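Undergrad: everything below, folded, please.
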Amino acid sequence: MELTLAITLAAVFCVILAPILVGITQQRRVITQEQLALTHLANVLEDLTTCPPEDWESRLAKHLESLPEPVQRQLPQARLEIVRSYEPGPIAASRITCQLRWQDRHGQTTKPLSVTGWNHQMLEGQP
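TA: The predicted structure follows:
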């Protein structure tokens, strides 16, 4: 009788614990993907906000050409978008927004992660 009760309790425990462990694994995967995406975006943004204006186009092309292999492997169908706009004001600057989105394990496109920075280095002739 005691053995049957112990086996029953162990089975109930496994039935309850299995979905929890699956959920934890899925959340860990999502968090790892978001950390990788934010790290990549931060690196791209740092490169673009610190580069001289005359090098901006070549660096932009380099970043948009292809993503690093770890990013491609961990973020399926990842798409990087970079937008630069001129921000007039007392200190003129270029506003740079980088967004990265990818497909989750269900094939759905994720909400984009986005970072924004400013480059205060201006080309000659700009105000």
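Undergrad: from here on, contacts and neighbour counts on C-alpha atoms
TA: Fine.
Undergrad: looks to me like Ser85 is in a helix.
TA: No. According to DSSP: H, G, I helix; E, B strand; the rest coil, Ser85 belongs to no helix; its state is strand.
Undergrad: how far away is it from Ile96?
TA: Remark: distance between Ser85 and Ile96 (Cα to Cα, to the nearest Å) = 7 Å.
Undergrad: with neighbour numbers in mind, choose between the two.
TA: More crowded of Ser85 and Ile96, by other Cα atoms under 10 Å: Ile96, with 19 against 11.
Undergrad: surely that one meets Ser114?
TA: No. Under the criterion of Cα atoms under 8 Å, Ile96 is not in contact with Ser114, lying 10.4 Å apart.
Undergrad: state the helix or strand in which Gln35 lies.
TA: helix 2-50 (DSSP states H and E).
Undergrad: what's the next helix or strand after that helix in contact with?
TA: Next in sequence after helix 2-50, counting helices and strands by DSSP H and E, comes helix 56-65. The contact list for helix 56-65, computed with Cα atoms under 8 Å, 6 or more residues apart in numbering, reads Val44, Asp47, Leu48, Leu80, Glu81, Ile82.
Undergrad: list the contacts for the second one?
TA: The one in question is Asp47. Here Asp47 is in contact with Arg59 (criterion: Cα under 8 Å, 6+ apart).
Undergrad: pLDDT below threshold where in the protein?
TA: By pLDDT under 70, the low-scoring segments of the chain are 122-127.
Undergrad: in it, which residue is closest to the centre?
TA: Ala37 (2.3 Å; Cα atoms, centre = their mean).
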